[in-house]
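Student: Predicted coordinates and the sequence they were generated for:
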Amino acid sequence: MIDRPTPDCRRADVFKQDCPSRLVLETLAEKWALLLLHTLAGGPRRTSDLRRHIGGISEKMLIQTLRKLERNGFVVRHSFAEVPPRVEYRLTEMGQSLSQAVRALDGWVEANIAGVLAAQKRFDGPTE
């Protein structure tokens, strides 16, 4: 992973191009990050549990996204000294607070999906 330079931002402002808050927002705008934050709100999970729970996520994307979330302080990885090896992921305190907003967003999407699909159909026009 290549680190981008992050200038000192005295007051976080996601509308400022050079503010590091933009990089956090970029990470959180990914669907896999949102789904992982929501899933981990229910408690620690093993990698295989996460992959089974989140339909369509590949092993590669799962690990990459977990690493991004860990790097940003939202997730903690815990390795158990067992045979076979066991790894669990859980939300940090900061991740827990963020997961509340993510779950609210997910709930909104689920409650309003019919309206969104109807709007898309109207916008796209009649199909032949």
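Tutor: That came in fine, so what should we check first?
Student: How much space separates Ala41 from Pro126?
Tutor: In this view, Ala41 and Pro126 are 42 Å apart by Cβ to Cβ, to the nearest Å. Where C-beta positions appear, they are placed from N, C-alpha and C, glycine not excepted.
Student: Kindly report the same for Lys16.
Tutor: 43 Å.
Student: Between the two, which is the more surrounded one?
Tutor: Neighbour count, other Cβ atoms under 10 Å: between Lys16 and Pro126, Lys16 has more, with 13 against 6.
Student: right, and that one touches Leu25 too?
Tutor: No: contact criterion Cβ atoms under 8 Å: Lys16 and Leu25 do not qualify, at 11.4 Å.
Student: Next up, phi/psi of the residue positioned nearest the centre of the chain, please.
Tutor: When Cα atoms, centre = their mean is applied to the chain, the residue found nearest the centroid is Ala33 (1.5 Å). Dihedral pair for Ala33: phi -60, psi -50, per degrees, to the nearest 10.
Student: Excluding residues flanking it in the chain, which one is nearest it?
Tutor: Computed as Cβ to Cβ, 6 or more residues apart in numbering, the closest residue to Ala33 that is not its neighbour in sequence is Thr65, at 5.4 Å.
Student: mind checking how far the one you found is from Trp32?
Tutor: In terms of Cβ to Cβ, Thr65 sits 4 Å off from Trp32.
Student: Then Gly107?
Tutor: Going from Gly107 to Trp32 by Cβ to Cβ gives 19 Å.
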